[in-house]
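Student: next come a sequence and a model predicted from it.
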2 protein chains.
Amino acid sequence: MNTILKGACIVGQSGGPTSVINASAYGVIKTALESDFITKVYGAANGIVGVLDDRLYDMSCEDAEELRLLMNTPSSELGSCRYKIADPKKDDSDYKRIHEIFIKYDVRYFFYIGGNDSMDTCNKISSYMQSVGYECRVIGVPKTIDNDLFGTDHCPGFGSAAKYIATTCAEIYKDAHVYNTGMIVIIEIMGRHAGWLAGSAALASVCCCGPDLIYLPEIPFDMDKFINDAKSIYDKNSNCIVAVSEGIHYEDGSFVSEAKVSSTDGFGHAQLGGLAALLAHNIKEKTGAKVRGIELSLLQRCGAHLASETDLNEAFMAGEAAVNAAVSGISGQMVAFERSCGSDGEYLCSTNLIPLSSVANLEKKVPLEWITKEKNGVTQEFIDYALPLIQGEPERATENSLPRYARLKKILAK
Amino acid sequence: MNTILKGACIVGQSGGPTSVINASAYGVIKTALESDFITKVYGAANGIVGVLDDRLYDMSCEDAEELRLLMNTPSSELGSCRYKIADPKKDDSDYKRIHEIFIKYDVRYFFYIGGNDSMDTCNKISSYMQSVGYECRVIGVPKTIDNDLFGTDHCPGFGSAAKYIATTCAEIYKDAHVYNTGMIVIIEIMGRHAGWLAGSAALASVCCCGPDLIYLPEIPFDMDKFINDAKSIYDKNSNCIVAVSEGIHYEDGSFVSEAKVSSTDGFGHAQLGGLAALLAHNIKEKTGAKVRGIELSLLQRCGAHLASETDLNEAFMAGEAAVNAAVSGISGQMVAFERSCGSDGEYLCSTNLIPLSSVANLEKKVPLEWITKEKNGVTQEFIDYALPLIQGEPERATENSLPRYARLKKILAK
């Protein structure tokens, strides 16, 4: 393996936004701009779609201070995509186009920030370039609020989303307990297949304001049991806060959120409202309680004003590690996090590398032993795992007490 | 008027919670505890209901530091109520009971923190005590995120809710603009009769991330016009962010949120989902766009982690001013805010007093001249009015990077 490789790099962002994916991009961009081996740094507009469309931003045109503000800017500043690249054995036209663009700009480094699907894209590009003998180092940078990537202790983006969820649950708890008359609140949290985010609601119990019940997609949902669980807590406390993953499904695999309306409606129309509204409706019918369904929606994944400093710094570190690995000669790997314990028992995190092929299209779920026996909550092990990831309040750039986001020029390379 | 009056005081909280109503309570409690004229400080459990039920917390039993943390604690820590006190001419049993409790605890000062209805309660209690010759000074402290109280430049609670809304809108803007494929987002904001909160979404335009369209309850809603407005922006930009007040209603006064489902459904069932879901559904039908309805729900009124320092300090100041006014001999008034301009043009705020009778049951709406000619946004005057109210990031007490709320002992007086 030839270690020294000079050429341009492309960094792209893919999949759903997070509060810290721009910190990873900044980690890549800053480290690449400072590298002796990387001759030019391009940002792909809307991920791989920007490569295919020859829409690459020249990062050397940006002000250093605006780039630094990427640390403060939620969502994917370069733009994202959900483009699914074909299997090269079936259709290699995308790969030929990518190869063409790589040649045009002398791209020798490709960094892609995203989740499972993006790692699959990375892996396919890496294999294709090898197969055509084009030397290019490809490194994946993990990103997902869902925390479901295989082979890494946790994922950048999760800690900040978890912090948003826990803080918001604590605030909702305070609000919902204000009246002498009781209330049942259902909080719908993201996570289609893994319950890491819904489980994070339990972190609010650390400040005495946790939900009473949590339902994760790892356990088949039982509507009757849910109603009994909630009713018995409500009967006892005149109050009940429920956190529920959007991905909860019945034993047969059908999502609860896709359920038709309850029997009292009788016409079987799909609801305009989401899962929280549906569960709130069902529990209201059985208890007569005042209910409220709250969907945290996009707010939980883009709530950068509540970012975890730990998450933010690790997201940057992941981008930095990707560039350092690539210039040292490595390719076809994803940056992963390894957790360890400091001499005083404190949380430490370092990066390592795992083959892209081992990550792509796999999902890491919440271990069943971290779910309570009653199947309506998470254990202390879950809290011990997640709590270090939400620590620290980063400095927030503001103007007029509103967020001051990066303002990039986004000058297209020619 | 006898100026010197010695006796106990009661402070109560009423109506919907806000991020800073506890700051007003702290303003009352701290000032009262330090007063030479106030012999005892009681907090009413759940507002006037706690007085009727003889459930009063002895505030002198609380740790000073925990009381100080009320500045950091959303919702109403003493508990709230929505109890509507009767007209004393029709039924004076509640008043007799209150009088009895006032005599029992030698209560000579009554401070009530709340909105229009609470000022009405205050006013009635004040009049009754006068009519029976019981000397007791009654002062109202304004509170409402809705900002609709008459006679005050603005209301404690509004600034923090406005800041939450503006910051959240900016984050949603970032999220919704991430893909190369477009999106229409409808954000449902509180405010049943006045559009101050929905209008505050426009503050996000100060950081370049404002909504494209804003609909306030001050203007009758026209569904066809809304769809045309949104469609034309979407057609132009592939994106459209809409902020809408929950209180929008048709020309005939019926709330849009209470509308039956659209014609495609045909069975006329009320929706489980709210207004945002309904509007998102309608606009999706007409544009085919990807849509998302987001209801800010309780989050906007209890999002204390994003409190405005200005709002927080003013909320405290209102509580303090209430006590100072009462011990100086004043009664039957509400603390109000007066805005002025400093020598450098900076925003200044001081308190004055207005008769409770002039506030009770009135609503202050957004001036029509602050709504754009197109009736789908607010003018610069609105922004100039609201922007000073969201300024400043207060110090936030945290533990494990989660909010550290006041932990009161709440020892009942006997």
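Tutor: Received it, and whenever you're ready, just let me know what you need.
Student: in terms of helices and strands, where is residue A:311?
Tutor: According to DSSP states H and E, residue A:311 maps onto helix A:309-327.
Student: mind listing what's buried along that helix?
Tutor: A:309-327 (16 or more other CB atoms under 10 Å in any protein chain shown). In short, each C-beta sits where N, CA and C put it, glycine included.
Student: for the record, mean pLDDT for whichever helix or strand comes after that helix?
Tutor: Per DSSP H and E, the first helix or strand lying C-terminal to helix A:309-327 is strand A:333-341. Strand A:333-341 carries an average pLDDT of 97.
Student: relative to helix A:309-327, how tilted is strand A:333-341?
Tutor: For strand A:333-341 against helix A:309-327, the angle by axes from the mean of the first three to the mean of the last three CA atoms, to 10 degrees is 130 degrees.
Student: quick one, strands of chain A?
Tutor: Assigned by DSSP state E, the strands in chain A fall at A:7-13, A:38-44, A:56-58, A:107-114, A:137-142, A:183-189, A:213-215, A:239-245, A:291-295, A:333-341, A:347-355, A:398-399, A:402-403.
Student: now render these as JSON lines, adding distance to residue B:74.
Tutor: Listed next are the strands of chain A as JSON lines, based on distance: least, CB to CB, whole Å:
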{"stretch": "strand A:7-13", "distance to residue B:74": "34"}
{"stretch": "strand A:38-44", "distance to residue B:74": "39"}
{"stretch": "strand A:56-58", "distance to residue B:74": "41"}
{"stretch": "strand A:107-114", "distance to residue B:74": "35"}
{"stretch": "strand A:137-142", "distance to residue B:74": "34"}
{"stretch": "strand A:183-189", "distance to residue B:74": "15"}
{"stretch": "strand A:213-215", "distance to residue B:74": "22"}
{"stretch": "strand A:239-245", "distance to residue B:74": "15"}
{"stretch": "strand A:291-295", "distance to residue B:74": "15"}
{"stretch": "strand A:333-341", "distance to residue B:74": "33"}
{"stretch": "strand A:347-355", "distance to residue B:74": "29"}
{"stretch": "strand A:398-399", "distance to residue B:74": "21"}
{"stretch": "strand A:402-403", "distance to residue B:74": "20"}
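Student: among those strands, single out whichever gets nearest to residue A:30.
Tutor: strand A:38-44 (9.2 Å; CB to CB).
Student: show me the contact partners of that closest one.
Tutor: Around strand A:38-44, the neighbours that count as contacts under CB atoms under 8 Å, 6 or more residues apart in numbering or on different chains are A:6-13, A:25, A:29, A:32-33, A:50-51, A:55-60, A:78, A:105-107, A:109, A:323, A:327, A:410, A:413.
Student: can you give me the helices in chain A?
Tutor: Applying DSSP state H to chain A gives helices spanning A:21-34, A:48-52, A:64-68, A:93-104, A:116-131, A:158-176, A:196-200, A:223-237, A:275-287, A:299-302, A:309-327, A:356-359, A:380-386.
Student: returning to what we had before: just put the strands of chain A in TSV and tack on distance to residue B:133 and mean neighbour count.
Tutor: Output for these, formatted as TSV (distance: least, CB to CB, whole Å; neighbours: other CB atoms under 10 Å in any protein chain shown):
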stretch	distance to residue B:133	mean neighbour count
strand A:7-13	73	27
strand A:38-44	77	23
strand A:56-58	78	23
strand A:107-114	75	28
strand A:137-142	74	29
strand A:183-189	41	26
strand A:213-215	54	26
strand A:239-245	42	27
strand A:291-295	45	24
strand A:333-341	71	19
strand A:347-355	66	15
strand A:398-399	55	14
strand A:402-403	53	23
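Student: just to revisit the earlier point, just put the helices of chain A in CSV and tack on mean pLDDT.
Tutor: Listed next are these as CSV, based on pLDDT from 0 to 100:
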stretch, mean pLDDT
helix A:21-34, 98
helix A:48-52, 98
helix A:64-68, 98
helix A:93-104, 98
helix A:116-131, 94
helix A:158-176, 98
helix A:196-200, 98
helix A:223-237, 96
helix A:275-287, 92
helix A:299-302, 96
helix A:309-327, 98
helix A:356-359, 91
helix A:380-386, 98
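Student: tell me which of those helices sits nearest to residue A:214.
Tutor: Across the helices of chain A, closest to residue A:214 is helix A:196-200 (CB to CB), at 5.8 Å.
Student: how far does stretch A:109-121 stretch from start to finish?
Tutor: End-to-end distance of stretch A:109-121 (CA to CA, to the nearest Å): 15 Å.
Student: just how off-centre is it within its chain?
Tutor: 13 Å (CA atoms, centre = their mean, to the nearest Å).
Student: cool, stretch A:329-340 as well?
Tutor: Counting by CA atoms, centre = their mean, stretch A:329-340 comes out at 18 Å from the chain centroid.
Student: what does that stretch contact?
Tutor: A:1-3, A:5, A:119, A:122-123, A:126-127, A:136-142, A:149, A:151-155, A:314, A:318, A:321-322, A:325, A:347-357, A:359.
Student: go on, stretch A:46-55?
Tutor: A:10, A:12-14, A:43-45, A:56, A:76, A:78-81, A:83, A:85, A:94, A:97-98, A:101, A:104, A:112, A:114, A:118, A:121, A:412, B:179-180.
Student: give me every residue that touches residue A:103.
Tutor: The neighbours of residue A:103, taking CB under 8 Å, 6+ apart as the test, are residue A:134.
Student: of the contacts of stretch A:46-55, buried ones?
Tutor: Buried, going by 16+ other CB under 10 Å: A:10, A:12-14, A:43-45, A:56, A:76, A:78-81, A:83, A:85, A:94, A:98, A:101, A:112, A:114, A:118, A:121, B:179-180, out of those.
Student: and the stretch 101-250 of chain A, which residues reach chain B?
Tutor: Counting by CB under 8 Å from any CB of the partner chain, the residues of the stretch 101-250 of chain A lying close to chain B are A:163, A:166-168, A:170-172, A:174-181, A:185, A:203-204, A:206-209.
Student: swap in 10 Å and give it another go.
Tutor: With CB under 10 Å from any CB of the partner chain as the criterion, the stretch 101-250 of chain A meets chain B at residues A:159, A:163-164, A:166-181, A:183, A:185, A:187, A:203-209.
Student: among those, which ones are buried?
Tutor: Here, 16+ other CB under 10 Å leaves A:159, A:163-164, A:166-180, A:183, A:185, A:187, A:203-207, A:209 buried among these.
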